[in-house]
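Colleague: Need a 3D model of the following:
(2 chains)
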Amino acid sequence: GESVGLHLPTLSVQEGDNSIINCAYSNSASDYFIWYKQESGKGPQFIIDIRSNMDKRQGQRVTVLLNKTVKHLSLQIAATQPGDSAVYLCAENFGNEKLTFGTGTRLTIIP
Amino acid sequence: DAGITQSPRHKVTETGTPVTLRCHQTENHRYMYWYRQDPGHGLRLIHYSYGVKDTDKGEVSDGYSVSRSKTEDFLLTLESATSSQTSVYFCAISEEGLYFGPGTRLTVT
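Modeller: Residues are numbered from 1 along each chain as shown, chains lettered A, B, ... in the order given. This is a model prediction of the structure:
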C-alpha cells in the first residue's frame, strides 16, 4: 500500500509462498494501472498492466486484481523466488500520457 | 529493453552550478519524461515531451528546464543546482505504459 512518512511498507514472504502486494489509488477517473518492480540501483521495470474495464489480468506468475469500487489494486506473485525481492510500485493514469506513482512496497523473500 | 540510456549515471556538483542530464532513446518514441525519485515521495514527474520542441511541466518543475531538439534526445537542465535537487533522476518513454532508463544519481553539495 501507500507509505507513511519516509518508510516504505514492507512485506516478508517465505520462498515458495505466494505474495500479495496492495495499493490504494487516488483518482476514480483513472483508467489504466501498471505494476513496476524496482531493484536496488535500477530503474523501475514494467511487470503487468490492467485497464479499468477489467478486474483481473494474469501474466507469468503474476496476477493483478482491480477493485474500482474501493479504488484498490493488488499484485499477486505466485511461488515467490529470491529474485522477486525488490520494491514494487503501482501507478495510475487518468486519460493523459502521465502516470502517478505510489511510493512502493518492499518485498523481502526469506530463504 | 526500451533502448533508453542516461548520462551521466552519477554526478556530484556544488550548489549554484548548472547541470544537464541527458536521456537518449533509440526507438523513435514520441513521448519522453523526466521523473525524480526521493524517499517518501516516490516518483514525481518533472517535465515531459510529446514531440520535438513540444514540452510541458509536471508536478515538480520549479528549478528545472528541458529541451528536445531531436526525437532521440531529451535534456534536463538544473540552471542553478540546489541541495533539494539531490535525487535520483529517471528518464522514461511511453509505449503502453512507461519504460524507464537506468537513472542518474545526482548529489548537490
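Colleague: Work out the sheet partners of the least confident helix or strand in chain A by mean pLDDT and label each with its direction, please.
Modeller: For chain A, using mean pLDDT, DSSP states H and E, the weakest element among its helices and strands is strand A:100-101, scoring a mean of 90. According to DSSP bridges, strand A:100-101 forms sheet pairs with strand A:86-93 (antiparallel).
Colleague: residues in contact with the partner strand?
Modeller: Strand A:86-93 is contacted by residues A:8, A:21, A:23, A:25-27, A:30-40, A:44, A:47, A:73, A:75, A:99-107, B:42-43, B:98 when judged by Cβ atoms under 8 Å, 6 or more residues apart in numbering or on different chains. Where C-beta positions appear, they are placed from N, C-alpha and C, glycine not excepted.
Colleague: Please compute how far it lies from its chain's middle.
Modeller: Counting by Cα atoms, centre = their mean, to the nearest Å, strand A:86-93 is centred 5 Å from the centre of its parent chain.
Colleague: Could I have the CA atoms of that strand written out in CSV?
Modeller: Output of strand A:86-93 as CSV, limited to C-alpha atoms (Å, rounded to 0.1, in the frame of the first residue of the first chain):
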residue,chain,number,x,y,z
ALA,A,86,12.5,-5.7,-4.7
VAL,A,87,10.4,-2.6,-4.3
TYR,A,88,7.0,-2.8,-6.1
LEU,A,89,5.4,0.3,-7.4
CYS,A,90,1.8,0.8,-8.5
ALA,A,91,1.0,3.6,-11.0
GLU,A,92,-2.3,5.0,-12.3
ASN,A,93,-3.2,7.0,-15.4
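Colleague: what pLDDT, on average, does that strand get?
Modeller: Mean pLDDT, strand A:86-93: 94.
Colleague: Ok, stretch B:4-20 next?
Modeller: For stretch B:4-20, mean pLDDT rounds to 97.
Colleague: Residue A:83 - that's part of a helix, no?
Modeller: Yes. Counting by DSSP: H, G, I helix; E, B strand; the rest coil, residue A:83 falls inside a helix.
Colleague: separation between it and residue A:58?
Modeller: To residue A:58, residue A:83 is 19 Å away according to Cβ to Cβ, to the nearest Å.
Colleague: So if I had to pick from the two, which one is more boxed in?
Modeller: Taking other Cβ atoms under 10 Å in any protein chain shown, residue A:83 and residue A:58 do not tie; residue A:58 has more neighbours (12 against 9).
Colleague: chain center to the helix or strand of chain B with the lowest mean pLDDT: distance?
Modeller: The weakest-scoring helix or strand in chain B, judged by mean pLDDT, DSSP H and E, is strand B:98-100 (a mean of 92). Distance of strand B:98-100 from its chain centroid, counting by Cα atoms, centre = their mean, is 12 Å.
Colleague: average pLDDT across the following helix or strand past it?
Modeller: Next in sequence after strand B:98-100, counting helices and strands by DSSP states H and E, comes strand B:104-108. Strand B:104-108 shows a mean pLDDT of 98.
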